[in-house]
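> Sequence and predicted structure, then a few things I'm wondering about:
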Amino acid sequence: MRQVILYPGEDGWWVVECPSLPGCVSQGKTKEEALRNIREAGGAYIEALEQDGLPVPQERFDVMVVAV
């Protein structure tokens, strides 16, 4: 299980990032599509690390909302 950040992109698509997997970013026309895509991207990311014998990063982020 991984935390993701989902936000609207400048082009109207939804962007989603998985901070615990550096560089794992995807997008979709809808929030649902973006979330499906990040699940696929995260799975492929982890699979590639395992195939290369590299450690899979642990989930290590806390999420907080801060008023600015």
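Sure, I can see it.
> From now on I want contacts and neighbour counts done on CA atoms only, so please keep to that.
Will do.
> Report whether the expected contact of residue 18 with residue 24 is present.
Yes: applying C-alpha atoms under 8 Å, one finds residue 18 in contact with residue 24, separated by 5.7 Å.
> Next one: the residue most central in space within the chain, what pLDDT does it get?
For the chain, the residue nearest the mean C-alpha position is residue 18 (2.6 Å; C-alpha atoms, centre = their mean). Looking at residue 18, its pLDDT reads 95.
> Now do the helices in this structure.
Along the chain, counting by DSSP state H, helices occupy 31-51.
> Grab the nearest non-local neighbour of the residue nearest to the centre of the chain.
Distances taken as C-alpha to C-alpha, 6 or more residues apart in numbering place residue 4 nearest to residue 18, at 4.5 Å, with adjacent residues excluded.
> That neighbour is in contact with residue 15, isn't it?
No: with contact defined as C-alpha under 8 Å, residue 4 does not count as touching residue 15 (10.1 Å).
> the more surrounded of those two?
residue 15 (23 against 19; other C-alpha atoms under 10 Å).
> For the closest residue to that one other than its chain neighbours, which residues are in contact?
Spatial nearest neighbour of residue 15, chain neighbours left out: residue 27 (4.3 Å); criterion: C-alpha to C-alpha, 6+ apart. The contact partners of residue 27, by C-alpha atoms under 8 Å, 6 or more residues apart in numbering, come to 13-16, 33-35, 37-38.
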